[in-house]
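[1] Quick one: sequence and predicted model below, then my questions.
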There are 4 protein chains.
Amino acid sequence: MKAISKLSREPGLVVTDVPAPVCGPADVLIKVKHAGLCGTDMHIADWDAWARGRIHPPLVLGHEFAGEIVEVGDHVTAFKTGELVNAEGHIICDHCRQCRMGDGHICRNTSIIGVDRDGAFTDLIAMPATNVMPLNGIPTSVGAIMDPLGNAFHTVLSTEISGNSVLVIGCGPIGCWAVGIAKAAGAKQVIASDVQGRRLKLAKAMGADVALNPMEVDLNESIKDLTEGEGMDVVCEMSGHPTAINQAFKAARFGGKVQLLGLPSGEVPINLSNDVIFKGLTLYGVIGRRMYETWHKMQSFLSSGLLDPTPVITHTFKLDQIDEALEAIRSGEAGKVILEIES
Amino acid sequence: MKAISKLSREPGLVVTDVPAPVCGPADVLIKVKHAGLCGTDMHIADWDAWARGRIHPPLVLGHEFAGEIVEVGDHVTAFKTGELVNAEGHIICDHCRQCRMGDGHICRNTSIIGVDRDGAFTDLIAMPATNVMPLNGIPTSVGAIMDPLGNAFHTVLSTEISGNSVLVIGCGPIGCWAVGIAKAAGAKQVIASDVQGRRLKLAKAMGADVALNPMEVDLNESIKDLTEGEGMDVVCEMSGHPTAINQAFKAARFGGKVQLLGLPSGEVPINLSNDVIFKGLTLYGVIGRRMYETWHKMQSFLSSGLLDPTPVITHTFKLDQIDEALEAIRSGEAGKVILEIES
Amino acid sequence: MKAISKLSREPGLVVTDVPAPVCGPADVLIKVKHAGLCGTDMHIADWDAWARGRIHPPLVLGHEFAGEIVEVGDHVTAFKTGELVNAEGHIICDHCRQCRMGDGHICRNTSIIGVDRDGAFTDLIAMPATNVMPLNGIPTSVGAIMDPLGNAFHTVLSTEISGNSVLVIGCGPIGCWAVGIAKAAGAKQVIASDVQGRRLKLAKAMGADVALNPMEVDLNESIKDLTEGEGMDVVCEMSGHPTAINQAFKAARFGGKVQLLGLPSGEVPINLSNDVIFKGLTLYGVIGRRMYETWHKMQSFLSSGLLDPTPVITHTFKLDQIDEALEAIRSGEAGKVILEIES
Amino acid sequence: MKAISKLSREPGLVVTDVPAPVCGPADVLIKVKHAGLCGTDMHIADWDAWARGRIHPPLVLGHEFAGEIVEVGDHVTAFKTGELVNAEGHIICDHCRQCRMGDGHICRNTSIIGVDRDGAFTDLIAMPATNVMPLNGIPTSVGAIMDPLGNAFHTVLSTEISGNSVLVIGCGPIGCWAVGIAKAAGAKQVIASDVQGRRLKLAKAMGADVALNPMEVDLNESIKDLTEGEGMDVVCEMSGHPTAINQAFKAARFGGKVQLLGLPSGEVPINLSNDVIFKGLTLYGVIGRRMYETWHKMQSFLSSGLLDPTPVITHTFKLDQIDEALEAIRSGEAGKVILEIES
């Protein structure tokens, strides 16, 4: 079967032929219908420092996907063939302290599909049944983006939103979804911030009440004006930019919450005394999706129509158009880019 | 000044003349513009067992109100005359364990206006400044109902709502507001239950997805059908009816939350083993409003337009129409009844 | 191998020969060293109404145990032979809403060893590896009681204990452990209540500051005296007796927590208005152990020496002394009774 | 009356005569018996940059004290003369968002005694009655240190301690008390870290299981050894040292909590991606004491004997020995230094 692979320790991705995976007794075999392209895939394509330290070619890429079950392992009773499903791509150990305490999303023995083992940019993937979630009527094009959408849900819903004001800094796909989730969860005011007008437009389409470009306005002055000097109840930092991270702390009200999802490179200088301790802030490092509270919650929002994440999906490509897909992301013109996979 | 009073230990209310209150150094004096009539006022009018045990005539009634500050005590700096405000009617001791631990709403030394001391069904009322909240643009007709609306907020928002299913049993004014709050806070599905069609219509107007009359359908079978056998994440019991209370426990899903606000008379037989313990339920007794988290949250919802509570206000009377006002409530035709007070 | 079994639908237990279980690919096979006898086993022996509705003979009893791994399934990497372990006896589905939301202890598809499938009162038992916990130096005689001990941990630690006052009503083994856990977790005052002096003595041995017999003193008056009229922060109701349950509500302070573990038969009349709603109580139905937060927490307490549960273990019998063991429990003389199992 | 004062904008403190304060209608007048000296007093004495920006001489210093009520304001009913009390030194506005939401400790309109208005290093101080707490048998020498002790309680008890491992970095008085509180609240393991042997000795006296000097050992390696590679559940950073802050993040386990109380000067470079976000940490900026949850909890621990804070009090001076008292702190030989005040 065709697959988007990393074959050697150098930049670039290729479409190759790989053998079909075997369905173990505790697995289901899934025919991939849609898959999502993500920043991680870009890092692997570009063979940057992170990729060089983590990736061991040959590797089939892809950790965001949805499809149809075509085979069910001998010991699996929860699924049957024909069901449309997606899956959490973090395969965890179930036995470490984090797993045992309900924090499997930070299991230290995690193996990620498309990163540590072969992934979903291909026809078939075998997944442990416990990682698989039924789509319950959600289309596979949406099912394929529920991994990054889950990051947005984890970020927003791990703090109190109803009646609160929310600032989202960084309006890539995850940031734009965070805007929509905050609105659906009853935020009284959602402010979006990004340096690109196109992204701010998408944030507005997802429901942002106000969209601010910190290259054009003084972000913290604007926020003071918009909140009667109070600051934001919740700040979701999705950009990873050092300046933005410090803006996040300054924008939060006394006693506010700052959710940190964006990943800065290197050290970030922070004025902890004035910006965090004197203000009594709570900071939370967001990684992955809570397994499986986030997935369940996400299904509730999607199935009930509380959230429509599709405006953020701007491009769909075929598997062998991977170069065009990467180019769309690099151009800065794309929101979320997905692949439609036909065998 | 004119006031609706209880003058003697027997049924009935009268409009009398009472002296204007004095504004103490820590008080503000408020000219009442609107006031809300409530079940408690009915109990006092009817002179039932509860009233006979609690009320000491002569007493000016009224604990729900909003108006304009006309005098500010010498030690009060937070307010000035001309401001539109309302107030929490529970005057608490600030020193007991509950007050010190942030649970002032269950202060055991509480004195309630219109119950334990003169109330707001008159021209002027003096309130401790710490009990007073600025209306910040909310009209006094809405400000006057923020006491019972606060009960609804306390009930709904003291559990997790976003993406969850919510059942409201009992669709009087507080129940109908609970429906609207749950929708505004991102509930995925809100079911309302009441034995009166008129109330169910109001619940639908406040956003209920489904309205069920347990006299016409089997409530628990309907809920099973509507939730794929799962049951409700959250049940708000606002009726106080023993049958409804037991339905509440049965309607909740395993691990669900039951918020108990409705007050049954006497003992209620409950199958604790099957309906509470085996199901791992959490029950919470809701009394009053959290001081002042609930008030602040309520202002956020009202000021931002997340909630419009006005469809529930069906009747407005003048102060000397108290008999017509009581009759409107007794008839079962009314939602929330308020008084417009002109000096 | 020898096993304590229920062979027919009538009172009594017998020691029979049963075939050794097979170790599936996701299982470990455990040689049982110690096992705990529990009220559930008594119900099955006595063939009461509950047992008649739930149990399908033939069945090997026993759901509390610890032992040594003697075989490891092909797909299991977390364990190796020779390890001393115990196991959660609730085998859950991993896919229902409760399981997915981290509430596996109330999975509606639970199968319990010794109840719904063959149990541990025998030489060998095969358990899914995900149910198995390493003992990390805890002896098997203690490992064998970590199922009911876990009920006590779940009851006590699902509310705030440090610096709080705690009342434990019902001082069977689980109640006595609850006393010890509350003390270890920094309760400022632990009061134990039971109608049997022997049990109160055990509660004192586990650290109760005060032991009260409600047959001899007025429980609620005593509690008022002991708490300056305030009432208890936390009440753990472990008896299931209707009178005790109502005492629990009355003993709790305004805003207190009542943890309900004891299982009453039939309906219990409760004065919800006065005893729960006006007081702003929170009630929590405790069933099983949180999987696996409770187990992990329990290991921390046991491994670090914070808790010594052994004073509650009063009797140890061999497998073929099952009649003597049941008799010890029935006599009311026993605390926790365990079996030592030798092949 | 005699008072320790700052009279001019330059280094140094003097003992002067000041007029006795007047007891307002909502105040109580307290005869000071004991008072605590604190780092803040040192900053004011030394007239450092912070002091120059905040302090407006003339000012009576002192924000930690306990004493006897000698006069009660006309509107105060909760206290009577002769009662021994202490008081929260943060006088808050009661009306801002933080105050209304139960976060008065971060009220933006706070006025602190001994900093923004005259303080307690003198014979008499008038305090608003709502700031005053009865000592209930706690001696005034201990009552006088409940302000900084409250910082330690706020730090430790705003996260889960029972059964958890706790690292305290920085063993000044507040750090040493944090050690004792963690032990009393059922921590399974408390590790203390400081660069001074004398302080580590005090931490051991307060119950630390292990005391580490990061000048002598590799702190993070030691912690790995002590926690089987897992890291600490809770880290309390009380030093404010940039290196220690980064050690705090590294020492925390995946999913751990870091409580930040120590105040670094200037910006601290932090590796947010690796040390906070990938690890899923929660950080909390600790300032002041929760009003009045922390005070209530503290009284429970002290009154019940769960905590004895007195080993940390190493020196007691008279009011006119202020120079000797400051010298004791500067020498690094002192734990907590208090003043005994006689009129």
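    Structure's in. What do you need?
[2] Next one: A:Ala211 from A:Ala187, what distance?
    For A:Ala211, the distance to A:Ala187 (Cβ to Cβ, to the nearest Å) stands at 15 Å. For the C-beta atoms, the positions are set from N, CA and C on the backbone; glycine is no exception.
[3] An error on my part: the question was meant for A:Ser141.
    Counting by Cβ to Cβ, the gap from A:Ser141 to A:Ala187 is 27 Å.
[4] Next: A:Val234.
    To A:Ala187, A:Val234 is 8 Å away according to Cβ to Cβ.
[5] dump the residue contacts of whichever residue of the stretch 101-250 of chain A sits closest to chain C.
    Of the residues in the stretch 101-250 of chain A, the one nearest chain C is A:Gly102, at a distance of 4.8 Å by Cβ to the nearest Cβ. Neighbouring residues of A:Gly102 by Cβ atoms under 8 Å, 6 or more residues apart in numbering or on different chains: C:102, C:293.
[6] follow-up on the earlier one: which neighbours do A:Val234 and A:Ala187 share?
    When contacts are counted by Cβ under 8 Å, 6+ apart, A:Val234 and A:Ala187 have A:161, A:164-166 as shared neighbours.
[7] Most neighbours among those, please name it.
    A:Val166 (28 neighbours; other Cβ atoms under 10 Å in any protein chain shown).
[8] Confirm that it sits in a strand.
    Yes: assigned with DSSP: H, G, I helix; E, B strand; the rest coil, A:Val166 falls within a strand.
[9] doesn't A:Ala192 make contact with it?
    No: between A:Val166 and A:Ala192 there is no contact under Cβ atoms under 8 Å: 9.4 Å.
[10] contacting residues around the residue nearest to the spatial centre of chain A?
    Using Cα atoms, centre = their mean, the residue of chain A that lies closest to the mean C-alpha position is A:Pro148, 1.9 Å off. Residues in contact with A:Pro148 (Cβ under 8 Å, 6+ apart) are A:36, A:38, A:64, A:173-174, A:177, A:336.
[11] please redo it, this time with the cut-off set to 7 Å
    A:36, A:38, A:64, A:173-174 (Cβ atoms under 7 Å, 6 or more residues apart in numbering or on different chains).
[12] Ok, A:Ala203 next?
    Taking Cβ under 7 Å, 6+ apart as the test, what A:Ala203 contacts is A:171, A:175-176, A:179, A:192, A:194, A:211.
[13] Now for A:Thr40: which residues touch it?
    A:Val115.
[14] Can you name the helix or strand that it falls in?
    helix A:39-46 (DSSP states H and E).
[15] Which SSE is immediately downstream of that helix?
    Proceeding N to C from helix A:39-46, the next assigned helix or strand is helix A:49-54, under DSSP H and E.
[16] And A:Phe249, how close does it get to A:Ile174?
    In terms of Cβ to Cβ, A:Phe249 sits 20 Å off from A:Ile174.
[17] should've said A:Gly12
    Counting by Cβ to Cβ - A:Gly12 and A:Ile174 are separated by 26 Å.
[18] Quick one: name the residues of the stretch 101-250 of chain A near chain D.
    A:103, A:106, A:108, A:230, A:245 (Cβ under 7 Å from any Cβ of the partner chain).
[19] Show me those residues that map onto strands.
    Counted as lying in strands by DSSP state E, out of those, is not a single one.
[20] so which of those is the most crowded?
    The most crowded member of those, judged by other Cβ under 10 Å, is A:Ile106 (26 neighbours).
[21] In chain A, what residue spans correspond to helices?
    Here chain A has its helices, by DSSP state H, at A:39-46, A:49-54, A:97-100, A:140-143, A:146-157, A:173-184, A:197-205, A:219-226, A:242-251, A:272, A:293-303, A:322-330.
[22] Dump those to CSV, plus distance to A:Ile287 and mean pLDDT.
    Listed next are the helices of chain A as CSV, based on distance: least, Cβ to Cβ, whole Å; pLDDT from 0 to 100:
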stretch, distance to A:Ile287, mean pLDDT
helix A:39-46, 13, 96
helix A:49-54, 15, 96
helix A:97-100, 11, 96
helix A:140-143, 22, 98
helix A:146-157, 8, 98
helix A:173-184, 13, 98
helix A:197-205, 23, 97
helix A:219-226, 26, 97
helix A:242-251, 16, 98
helix A:272, 21, 98
helix A:293-303, 12, 97
helix A:322-330, 22, 96
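[23] what would these look like in CSV with distance to B:Gly137?
    Putting the helices of chain A into CSV (distance: least, Cβ to Cβ, whole Å) gives the following:
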stretch, distance to B:Gly137
helix A:39-46, 43
helix A:49-54, 51
helix A:97-100, 47
helix A:140-143, 40
helix A:146-157, 28
helix A:173-184, 22
helix A:197-205, 25
helix A:219-226, 16
helix A:242-251, 24
helix A:272, 37
helix A:293-303, 31
helix A:322-330, 45
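[24] With respect to burial, which of those helices scores highest?
    helix A:173-184 (a mean of 29; mean count of other Cβ atoms under 10 Å in any protein chain shown).
[25] Is there contact, residue-wise, from that helix to chain B?
    Yes: interface with chain B: helix A:173-184 contributes A:Ala184 (Cβ under 7 Å from any Cβ).
[26] from the chain's centre, how far out does that helix sit?
    11 Å (Cα atoms, centre = their mean, to the nearest Å).
[27] got the CA positions of it in PDB?
    C-alpha atoms of helix A:173-184 as PDB (Å, rounded to 0.1, in the frame of the first residue of the first chain):
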ATOM      1  CA  PRO A 173      -5.900  25.900  13.600                       C
ATOM      2  CA  ILE A 174      -5.700  25.000  17.300                       C
ATOM      3  CA  GLY A 175      -6.100  28.700  18.400                       C
ATOM      4  CA  CYS A 176      -9.000  29.200  16.100                       C
ATOM      5  CA  TRP A 177     -10.700  26.100  17.500                       C
ATOM      6  CA  ALA A 178     -10.000  27.300  21.000                       C
ATOM      7  CA  VAL A 179     -11.900  30.500  20.100                       C
ATOM      8  CA  GLY A 180     -14.900  28.400  18.900                       C
ATOM      9  CA  ILE A 181     -14.800  26.100  22.000                       C
ATOM     10  CA  ALA A 182     -14.700  29.100  24.400                       C
ATOM     11  CA  LYS A 183     -17.700  30.600  22.700                       C
ATOM     12  CA  ALA A 184     -19.700  27.400  22.800                       C
END
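[28] now for it, which elements pack on it?
    Judged by 3 or more Cβ pairs under 7 Å, 6 or more residues apart in numbering or on different chains; DSSP states H and E, the packing partners of helix A:173-184 are helix A:146-157, strand A:165-169, strand A:189-193, helix A:197-205.
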